[in-house]
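Participant: I would like to see how this sequence folds:
(one chain, ligands or ions: 2)
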Amino acid sequence: MFISLEGIDGSGKSTQARLLSDALRAMGRDTVLTREPGGSPGAEEIRALVLEGDPDRWSAETEILLFTAARRDHLERTILPALAAGKVVICDRFADSTRMYQGLSRGDLRAQVDALHSLMIGREPDLTLLIDMDPAKGLARAKGRNGTEERFEDFGLELQERMRAGFLSLAEEFADRFRVIDGDRPQEVVAADVLATVQAALA
Ligand code: ADP
Ligand code: TYD
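Facilitator: Ligands and ions are numbered 1, 2, ... in the order given. Model prediction:
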């Protein structure tokens, strides 16, 4: 089973991905925890290119190519081999993030994102957990981490608000695989909700 976590910056995806993989491993499931952009050595190199530096370093069109190149490498070298070996793959962000961040942030490029996706990736997760969150709170959490990978956070609150609305409408568009989880609750409460949702899908 291929599970992705999506949501705005600071919504708690990485935290929940880790707690979910710990819980599944404790239940005896062979689990691979991975992330995008990244998740394979080549894709991690692309990660530094896209997440560091000035917000205007790349156009949205160039980003579609870079994120899709990273995803193709990640899929070939990490995700598909793990799924073939019968493992559960938990991925912190996947193609839905490109549909949002590159598809909606600077004009409507969703058709280009989808075209390149079907040409080069052609695979969706079996289950996508949308960790939904108030954008101001999410951005405050994300900024609190004080890292160097702040290129998208530096686009500001208005972008995060559009991303939240976009993710919620994506959840309606792909209602069969999306589940919306309220991220504005204590970590353990969110984690219990996430685990119950995944167990229902695995059953
Ligand atoms: P994301 O991967 O979505 O950007 P993280 O999991 O990195 O989010 O969380 C962002 C920050 O918020 C981290 O400092 C994390 O410890 C904190 N955090 C995560 N979940 C919660 C929660 N439910 N309540 C309060 N703080 C949280
Ligand atoms: P991530 O490390 O998940 O950041 P955060 O923990 O702040 O949510 O992702 C880094 C950034 O990369 C995030 O701001 C969204 C962006 N991103 C895209 O723009 N397109 C993509 O396809 C992916 C996977 C991420």
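
Participant: CA atoms for contacts and neighbours, from now on please.
Facilitator: Will do.

Participant: Which residues does the worst-scoring helix or strand of the chain on mean pLDDT contact?
Facilitator: In the chain, no helix or strand scores lower on mean pLDDT, DSSP states H and E than helix 135-144, which sits at a mean of 88. Helix 135-144 is contacted by residues 8-11, 153, 157, 160-161, 164 when judged by Cα atoms under 8 Å, 6 or more residues apart in numbering.

Participant: where's the dip in pLDDT among these?
Facilitator: By pLDDT, E153 ranks lowest within those, coming in at 75.

Participant: need the contact list for that residue.
Facilitator: If you count contacts by Cα under 8 Å, 6+ apart, then E153 has 9, 139, 142-143 around it.

Participant: Figure out how far the least confident helix or strand of the chain is from the centre of its chain.
Facilitator: In terms of Cα atoms, centre = their mean, to the nearest Å, the centre of helix 135-144 is set 17 Å apart from its chain centre.

Participant: If you count neighbours, what's buried in the following helix or strand past that helix?
Facilitator: Following helix 135-144 in sequence order, the next helix or strand is helix 157-173 (DSSP states H and E). Of the residues in helix 157-173, those scored as buried under the neighbour-count criterion (16 or more other Cα atoms under 10 Å) are 157, 159-160, 162-164, 166-168, 170-171.
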